[in-house]
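Engineer: Have a look; sequence and predicted model below, questions after that.
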Amino acid sequence: MSHSSDSPALVGTRWVELGLTLFTTLIGVVVMFGSVEQGIGWGDSGPEPGYFPFYIGLLLSAASVANGVLTLVRWQALNIAFVSRSAFRQVLSVFIPIALFVGAMPFTGIYVASACFIAWFMWRDKVRAQPYGKLMIASVSLGAVLASFLIFALWFKVPLDAGPLGDLIVLAGRNFK
């Protein structure tokens, strides 16, 4: 991600390379073991169900081991930062709100979670010379949610999960009729 030295390295490139090598090797091994259970031979009617996945797993594992060996050969050359602490903080400043957004959706529904997500990023925007006002944040976040509701639920007839709050609003709306 970043090769700059604006802050200390969080992790070196060589360790990321080795970690990815180990991860992809393990994926290949898991695929091979699963394929063996399905049968990897050649039957009367052709290949058994695990035949092709087995060889794909084998190729993935072999390529991963080759990358691991290449990483060890280039060990000194890979003595550079993969990501600095400040760059990783920037990644986390986006990743954490996205994870919270996804985690909140089953409980709040997509509309409430989306409004909060948009409002959060508008409120936290430090790049603009003048920050967004509360009225602008509310208008944009609620307007985007309203537009999504109109487009998907009403026009395309593809209702998105509104969550428990949406269900309560629907129930309350039926009581007013």
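Structural biologist: Arrived safely.
Engineer: could you give me the average pLDDT of the helix ranked longest in the chain?
Structural biologist: With secondary structure taken from DSSP state H, the chain has its longest helix at helix 85-124. Regarding helix 85-124, the rounded mean pLDDT is 93.
Engineer: Please enumerate the strands of the chain.
Structural biologist: Taking DSSP state E, the strands of the chain run over residues 9-12, 42-43, 46-47, 81-84.
Engineer: Of all those, which one comes closest to residue 74?
Structural biologist: The closest of the strands of the chain to residue 74 is strand 9-12. By CB to CB, the value is 12.4 Å. The C-beta positions use only the backbone N, C-alpha and C, and glycine is treated the same way.
Engineer: If we go by neighbour counts, what in that closest one is buried?
Structural biologist: 9-10 (16 or more other CB atoms under 10 Å).
Engineer: In the sheet, which strands lie alongside it, parallel or antiparallel?
Structural biologist: Its sheet considered, strand 9-12 pairs with strand 81-84 (antiparallel) by DSSP bridges.
Engineer: sorry, back to before: I'd like to know which elements the longest helix of the chain is packed against.
Structural biologist: With contacts defined as 3 or more CB pairs under 8 Å, 6 or more residues apart in numbering; DSSP states H and E, helix 85-124 has these neighbours: strand 9-12, helix 134-148, helix 163-175.
Engineer: Mind doing that once more with 6 Å?
Structural biologist: helix 134-148, helix 163-175 (3 or more CB pairs under 6 Å, 6 or more residues apart in numbering; DSSP states H and E).
Engineer: quick one, which of those is packed in tightest?
Structural biologist: Mean neighbours per residue, mean count of other CB atoms under 10 Å, is largest over these for helix 134-148, with a mean of 14.
Engineer: neighbours around residue 63, how many?
Structural biologist: As a burial measure, residue 63 scores 14 neighbours (other CB atoms under 10 Å).
Engineer: That one and residue 74, how far apart?
Structural biologist: Look at residue 63 and residue 74: by CB to CB, to the nearest Å, they are 16 Å apart.
Engineer: picking that back up, quick check: buried residues in the longest helix of the chain?
Structural biologist: If you call a residue buried by 16+ other CB under 10 Å, then helix 85-124 has these buried ones: 87-88, 101, 104-105, 108-119, 122.
Engineer: can you check stretch 13-33 too?
Structural biologist: For stretch 13-33, by 16+ other CB under 10 Å, it's 13-14, 17-18, 21, 24-25, 28, 31-32.
Engineer: Out of the strands of the chain, the one nearest residue 57 is which?
Structural biologist: For the strands of the chain, proximity to residue 57 was assessed by CB to CB; strand 46-47 is nearest, at 14.6 Å.
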